[in-house]
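Asks: 3D model of this:
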Amino acid sequence: MSNLYYVDEESADVRVDKYLSDLLPDLSRTFIQKLLKSGHILVNNNPCKSKYLIKADDIINVDIPQPIETNIVPEDIPIDILYEDDDILIVNKPKDMVVHPAAGHYTGTLVNAVMFHCKDNLSGINGVLRPGIVHRIDKDTTGALIICKNDNSHNYIAEQLKVHSITRKYVAIVYGKFDETVGTIDKPIGRHKTDRKKMAVTPDGKEAVTHYRVISSNDKYSYIECQLETGRTHQIRVHMASINHPLLGDEVYSNRQCPFKLQGQTLHAKTIGFIHPTTKEYVEFEAPMPEYFTHLLEINGLVNSL
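Replies: Purely as a prediction, here's the structure:
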């Protein structure tokens, strides 16, 4: 679908992405930025960047590509549903489940499962490999995840993620005892300079802020809650390792020998809260703790709060 828009004098000197997001309320600003980057939006028949300031008499051609049929196969995989309505699905993702298909993981993913459950009722904004996926958590991280069942809900949730207004609280078990019971880590995160599969604290990275509080601790471990202000890849894992409190079981960001038989890091997305796309009311959901996590807390005497 291609449409032409003519800029009048009153609309001049505004960023093209903002102009179009105001003009086309069904499209999120993030989606418009993707269209600009991919060349699906032209100004005077030329590609441009999101920060371009439009001028009077500019002609903007917006070409919204047709959704491509996905070849990802729906699979009847059990999913732990915390909440569902016509707009969203909140699931409690287990360990060892990849969120969306990628190289080496084209079956057994959460996307395969929700495609079976939701049939054709999933947003298509994030492409053929990630229908319904507006955010994700790591393969071995458990907990609450939002699935969007239509493009309107996807846009609405994506905008909240962009401005960091969604409540995202995680619990984790980390090495060591803290000197303080609350703290904030404000360190930029970007791709590791030599190992491109890893993230790292780096001066040229993107802003990343994690707030944490200690729930309980002993001489070896601490049970903490982390609230994300931003949502960078591996943010909690990188941030906690950067202050010498890596996550127990983290095989990527910790070089300590884990004394327990674990499958990856002890990290659980416990709470997620946001403004509902239809009711416009704040809703919050909590994912119950996995058994392995509560067992670790019990055997290490970390159950009781400080």
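Asks: what about the residue lying closest to residue 121 once chain neighbours are set aside, how many residues close to it?
Replies: Among residues not flanking residue 121 along the chain, residue 149 sits closest, at 4.7 Å (C-beta to C-beta, 6 or more residues apart in numbering). No exception for glycine: its C-beta is placed from N, CA and C like everyone else's. For residue 149, the neighbour count with other C-beta atoms under 10 Å is 23.
Asks: List the contacts of residue 149.
Replies: Counting by C-beta atoms under 8 Å, 6 or more residues apart in numbering, residue 149 makes contact with 86, 87, 88, 89, 118, 121, 122, 123, 132.
Asks: Quick check: buried residues in the host helix or strand of residue 216?
Replies: Following DSSP states H and E, one finds residue 216 within strand 209-217. Buried residues in strand 209-217, counted by 16 or more other C-beta atoms under 10 Å: 209, 210, 212, 214, 215, 216, 217.
Asks: Leaving out chain neighbours, which residue sits closest to residue 11?
Replies: Once flanking residues are discounted, residue 11 sits nearest to residue 19: 6.1 Å by C-beta to C-beta, 6+ apart.
Asks: and the one you found, that one's in a strand?
Replies: No. Going by DSSP: H, G, I helix; E, B strand; the rest coil, the assignment for residue 19 is helix, not a strand.
Asks: what's the helix or strand hosting residue 294 packed up against?
Replies: Applying DSSP H and E as the criterion places residue 294 in helix 291-299. Helices and strands touching helix 291-299, as assessed by 3 or more C-beta pairs under 8 Å, 6 or more residues apart in numbering; DSSP states H and E, comprise strand 167-175.
Asks: Please point out which parts of the strand it packs on sit buried.
Replies: Applying 16+ other C-beta under 10 Å to strand 167-175 flags 168, 169, 170, 171, 172, 173, 174, 175 as buried.
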